[in-house]
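In: Compute the structure for the input listed below.
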Amino acid sequence: MLCPCGLEKEFGECCKAIIDGEIAAKTPEQLMRSRYSAYATKNAQYIYDTYALPSQKQQSHDDIRSWANETSWLRLNVLSTSEFINIERPTVTFEAIYKSEDSFYSMKEKSTFVFENNAWKYLDGSDLEHSLLTPPKRNDNCLCGSHKKFKKCCY
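Out: So this is what the prediction gives:
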């Protein structure tokens, strides 16, 4: 299975090792990609664990699990990343395409990260845009980026 994060690698050779705790995310972008993959694979515990402590207090496992279970995450596009070497709060701007209740959405967010307890953590995100997408026609390319026709993929 290809990794949901969009890097065209096998899941086991990409985000799975980070999600399973075998290796740490080396950059904010790597953490963001692994969090996206955790949503796609419905791993609420990893998502909760990778929140920074101030943000973690505002979350619940049930809410995270519910959101992950109600959505099908189709594609991630990283739009930009800030340098993280000399910046206290680096950012990653991305677009995520997902399906919820037979509707398709695009969510653009600028996420902020902190280095906490020797690990990158997600602090918060600013919604840049959240929009309902027009569903593709049956013979259009699928929104997930598979290059398959919609009717043969995420229909």
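In: From what I see, Phe113 and Leu123 are in contact.
Out: Yes - under the criterion of C-beta atoms under 8 Å, Phe113 makes contact with Leu123 at 6.0 Å. For the C-beta atoms, the positions are set from N, CA and C on the backbone; glycine is no exception.
In: what residues are shared contacts of these two?
Out: Listed as contacting both Phe113 and Leu123 by C-beta atoms under 8 Å, 6 or more residues apart in numbering are 52, 89.
In: Run through who's touching stretch 142-155.
Out: Residues outside stretch 142-155 that contact it (C-beta under 8 Å, 6+ apart): 6, 72, 74-75, 97, 99, 104, 133, 135-141.
In: Just the ones of those in strands?
Out: Within the contacts of stretch 142-155, residues falling in strands by DSSP state E are 72, 74-75, 97, 99, 104, 133.
In: Setting the sequence-adjacent residues aside, check what's closest to the most centrally placed residue in the chain.
Out: Ranked by distance to the mean C-alpha position of the chain (C-alpha atoms, centre = their mean), the top residue is Tyr36 at 2.0 Å. Nearest residue to Tyr36 in three dimensions, chain neighbours excluded: Leu76, at 4.8 Å (C-beta to C-beta, 6 or more residues apart in numbering).
In: The residue with the largest distance to the centre of the chain and Tyr51, how far apart?
Out: Distance from the centre of the chain peaks at Asn139, with 27.1 Å (C-alpha atoms, centre = their mean). Distance of Asn139 to Tyr51, computed by C-beta to C-beta, to the nearest Å: 41 Å.
In: Over to His147?
Out: With C-beta to C-beta as the criterion, His147 and Tyr51 are 34 Å apart.
In: Comparing the two, which residue is more hemmed in?
Out: Tyr51 (19 against 8; other C-beta atoms under 10 Å).
In: beta partners for that one?
Out: Tyr122 (DSSP bridges).
In: Test my guess that it contacts Ala119.
Out: No - with contact defined as C-beta under 8 Å, Tyr51 does not reach Ala119; the gap is 11.4 Å.
In: and Ala52, how many neighbours does it have?
Out: Residues near Ala52, counting by other C-beta under 10 Å: 20.
In: residue contacts, it?
Out: 113-114, 116, 121-123.
In: give me that answer again for 6 Å
Out: 114, 116, 121, 123 (C-beta atoms under 6 Å, 6 or more residues apart in numbering).
In: With Met107 instead?
Out: By C-beta under 6 Å, 6+ apart, the neighbours of Met107 are 96, 130.
In: With that, I have no additional questions.
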